[in-house]
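**Student:** predicted model and sequence below, questions to follow.
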Amino acid sequence: MKATRAVQKILKNYETDNPGVKGNLCRILMNGKLGGTGKLIILPVDQGFEHGPARSFAANPAGYDPHYHFNLAINAGLNAFAAPLGMIEAGADTFAGQIPTILKVNSANSLIPSETPKTQAITACVDDALRLGCSAIGFTIYPGSSMALDMFSEISAMREEAAAKGVPTVIWSYPRGESLDKEGETAADISSYAAQIAALLGAHIIKVKLSTNHLSLPEAKTVYENHKIDISTQTARVKDVMNSALGGRRIVVFSGGSKKGADNVYDDARAIRDGGGNGSIIGRNSFQRSYPDALEMLNKLIEIYKGKA
């Protein structure tokens, strides 16, 4: 399949990457109902590791089965499916070649004492991604944690290995840790900072949370106010994040967070679209709904990103 002009334009932003990396990015960008548009919807299912099985799947028990998520991503026409090692392995053969997969290579869990510095353990490697036919690796960093520099070093080394072997890197950049309160984790200045850090670490795709109309760092607040940087709407805040992602030269997808009303999910997508974001990476807001409801929601999101809703 020939890459569209929109996809070719995006790939040109990755000026030093080899054909393997660009080929895998092209597979993700050209797959599914949004294929070729430059927009993406990715299904991430790492919540069982992060939050535990009941909190993740009890609302829709079919989700305990990894094949459910492969089928949901494929039948909804999504761009990619992201998950930790065990879940990808459980469907790698059955669904080989049917949807691009992203192997999440580090993870944390909610059993760790709350006073422990925020970090994640390496749980998979680049060779696992190659063995399983994955189109990318995914790695979480926690800007704001006392362990952040260690995480930066880990992904720097793994990203170098992955790129040499033709595998792109997706960075989940989630501000969290001792230097931030809860409000600061999603503050506009902090979210844009997180996107910048991921971009400078070499992420090919950046995942961040949608931010709030709040500024956390006093020094940044002064700059935002002096230069009249607009953060009054979600669309404006998405635009600010995209500016921080190398002036929009890196693909940025925004997470959906915990389950919420459908209209709120749709409003978020419109703000992402209108702010120049590349799309959504939406897990609990899809798989915690019934299969028909999830398909309906994902189809509506696709229509929104196509500018039809």
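**Tutor:** On my side now, so go ahead.

**Student:** how about the secondary structure of the spatially most central residue of the chain?
**Tutor:** Closest to where the C-alpha atoms of the chain average out (CA atoms, centre = their mean) is Lys207, at 3.4 Å. When states are read from DSSP: H, G, I helix; E, B strand; the rest coil, the local structure at Lys207 comes out as strand.

**Student:** which ones are touching it?
**Tutor:** Lys207 makes contact with Gly138, Val170, Ile171, Trp172, Ser173, Val252, Val253, Phe254, Ser255, Ile281, according to CB atoms under 8 Å, 6 or more residues apart in numbering. Just so you know, the C-beta spots here come from the backbone N, C-alpha and C atoms, and that holds for glycine as well.

**Student:** let's have those in TSV, adding pLDDT.
**Tutor:** Supplementary listing: those in TSV, determined by pLDDT from 0 to 100:
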residue	pLDDT
Gly138	98
Val170	98
Ile171	98
Trp172	98
Ser173	98
Val252	98
Val253	98
Phe254	98
Ser255	94
Ile281	97
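
**Student:** so which of those are in strands?
**Tutor:** Here DSSP state E is the test, and those give Gly138, Val170, Ile171, Trp172, Ser173, Val252, Val253, Phe254, Ser255, Ile281 as lying in strands.

**Student:** what's the neighbour count on the nearest residue to Asn60 once chain neighbours are set aside?
**Tutor:** By the measure of CB to CB, 6 or more residues apart in numbering, the closest residue to Asn60 outside its immediate chain neighbours is Gln288, 5.4 Å from it. By the other CB atoms under 10 Å criterion, the neighbourhood of Gln288 contains 19 residues.

**Student:** got the confidence number for Gln288?
**Tutor:** You'll see Gln288 listed with a pLDDT of 96.

**Student:** look up how far His51 lies from it.
**Tutor:** Relative to His51, Gln288 is positioned 11 Å away (CB to CB, to the nearest Å).

**Student:** same thing with Ala199?
**Tutor:** For Ala199, the distance to His51 equals 28 Å [CB to CB].

**Student:** which strands and helices lie in contact with the biggest helix by length in the chain?
**Tutor:** Across the chain, the helix with the greatest residue count (assigned by DSSP state H) is helix 148-164. In terms of contacts (3 or more CB pairs under 8 Å, 6 or more residues apart in numbering; DSSP states H and E), helix 148-164 is packed against helix 126-131, strand 136-141, strand 169-173.

**Student:** can you list those in a markdown table and add mean neighbour count and distance to Asn243?
**Tutor:** Conversion of the helices and strands packed on helix 148-164 to a markdown table gives the following (neighbours: other CB atoms under 10 Å; distance: least, CB to CB, whole Å):
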| stretch | mean neighbour count | distance to Asn243 |
| --- | --- | --- |
| helix 126-131 | 17 | 31 |
| strand 136-141 | 26 | 20 |
| strand 169-173 | 27 | 15 |
